[in-house]
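Asker: build me a structure from this.
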Amino acid sequence: MRSFGVLVTVIFACVAAVLTWPQFFRLEHTIGIAHIVALRGAAVTGFAVLAVLFLLLAASRRIRGFAVSMAFVSVLAAICGGVTLGLRGYGSDTLPDKLDDSVRVMAWNTAGEATSAEQIAQTAVAMEADIIALPETTEATGEQVALLMRDLGRPMWVHTEAYNEDIERGPDAWQTTLLISPDLGDYAVIEASSDGTTVLPSAVAMPVDGTGPIVVAAHAVAPQPRYLDQWRHDLAWLADQCVDGNVIMAGDFNATLDHMARLGQGDADMGYCYDAASRTGNGAAGTWPTSVPELLGAPIDHVMATSNWSISGSAVVGNADGSDHRPLVVQLDPAG
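Answerer: Numbering: from 1, shown residues only. A predicted model of the protein is given here:
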């Protein structure tokens, strides 16, 4: 009986290690593990609850050794996970004052008609956004947002990438809309965008005159079992868009930093891009779903930028109604 308890404890310790740091075992893209690690905050809470339960069971002398061992593993896993979250940032909702050359970027998966054009425009204007990546937002809605923002004193150009355009009244998820302030110049979505992410579209916008950052509105497919290969492809393709140059990428990656562990170049997080939220105290703040507290959710919406930009602040907007995603707003300042 004692040897069986030791075996169970060892297996439990191995599982806890994998769930705490799956990228060490190269399992962060594996079905099941990829989903659990996305909700790292919930996993930490689960290990903490297990620790308490096993400590209570330790009151019984017959299983005291086993229960204490299991509690120790649970506590260790909860601490390691909590430290990881702490290093990424448990949440901050303050942005620095905007400078003349600052660029504010907002990423918000609006869940289609769940979020009105008025809500998007008001949030964007309140956050003084210059670039707005809107997965699951149609071109028509984007145009409404631009008109409303113009009336509020912040005009925007609208760009959209759509899949399956031959199907009438398809889901809004088949469109990704990108709004860019005229202050940043003229932009055009390149044709290569149509061969990018597999199931859901991402838009790559280039400055027409060649001056300014490449802007990518990202939308990777969710890692559902039937789309797991496509999800892996999407993340790799998005990493490839973060070239060694001037790039800003924002949107719904359906991935956390754990899933990106092997996609960065050097000390970057994805390609040559750096994740803004984790460098400004918001890396552990869940953007999805809005039905749970931020620390129990998954931080799968990101704003990233290459080293041409200094990441000076970020905020997860927690009071946005409608969508099941929270908006993420980041302030970037030219480096140097």
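Asker: domain-wise, how is the protein divided?
Answerer: 2-88, 103-334 (automatic domain parsing).
Asker: can you tell me which of those is most buried?
Answerer: Among the domains of the chain, domain 103-334 has the highest mean neighbour count (mean count of other Cβ atoms under 10 Å), at a mean of 20. Yep, even glycine has a C-beta here, placed from its N, CA and C like the rest.
Asker: I'd like to know which of the domains of the chain is closest to residue 95.
Answerer: Distance to residue 95, taken as Cβ to Cβ, is lowest for domain 103-334 among these, at 4.4 Å.
Asker: residue 207 pairs with what?
Answerer: The partner list for residue 207 in beta bridges (DSSP bridges) reads residue 187.
Asker: which pLDDT value belongs to it?
Answerer: At residue 207, the pLDDT value in this model is 96.
Asker: for it, give its distance to residue 196.
Answerer: From residue 207 across to residue 196, the span is 18 Å (Cβ to Cβ, to the nearest Å).
Asker: longest helix in the protein, please.
Answerer: Identified as the longest helix of the chain according to DSSP state H is helix 64-88.
Asker: which element follows it toward the C-terminus?
Answerer: Per DSSP states H and E, the first helix or strand lying C-terminal to helix 64-88 is strand 103-107.
Asker: who does that next one pair up with?
Answerer: strand 131-135 (parallel), strand 328-334 (antiparallel).
Asker: now find how far off-centre it is within its chain.
Answerer: 14 Å (Cα atoms, centre = their mean, to the nearest Å).
Asker: stretch 230-237 too?
Answerer: So, by Cα atoms, centre = their mean, the centroid of stretch 230-237 is 14 Å from its chain's centroid.
Asker: now do stretch 167-186
Answerer: Per Cα atoms, centre = their mean, the centroid offset for stretch 167-186 relative to its chain is 19 Å.
Asker: equivalent analysis for stretch 308-321, please.
Answerer: Once both centres are worked out by Cα atoms, centre = their mean, stretch 308-321 turns out to sit 12 Å from its chain's centre.
Asker: now that stretch - C-alpha only, PDB.
Answerer: The C-alpha trace of stretch 308-321 is given here as PDB (Å, rounded to 0.1, in the frame of the first residue of the first chain):
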ATOM      1  CA  ASN A 308      12.000  49.900 -32.700                       C
ATOM      2  CA  TRP A 309       9.400  50.700 -30.000                       C
ATOM      3  CA  SER A 310       9.700  51.200 -26.200                       C
ATOM      4  CA  ILE A 311       6.700  49.700 -24.400                       C
ATOM      5  CA  SER A 312       5.700  52.300 -21.800                       C
ATOM      6  CA  GLY A 313       2.400  51.000 -20.500                       C
ATOM      7  CA  SER A 314      -0.600  48.800 -20.900                       C
ATOM      8  CA  ALA A 315      -4.100  48.400 -19.500                       C
ATOM      9  CA  VAL A 316      -6.700  45.700 -19.700                       C
ATOM     10  CA  VAL A 317     -10.100  47.400 -19.900                       C
ATOM     11  CA  GLY A 318     -12.300  45.500 -17.500                       C
ATOM     12  CA  ASN A 319     -15.600  47.300 -17.900                       C
ATOM     13  CA  ALA A 320     -16.200  46.700 -21.600                       C
ATOM     14  CA  ASP A 321     -19.600  45.000 -22.200                       C
END
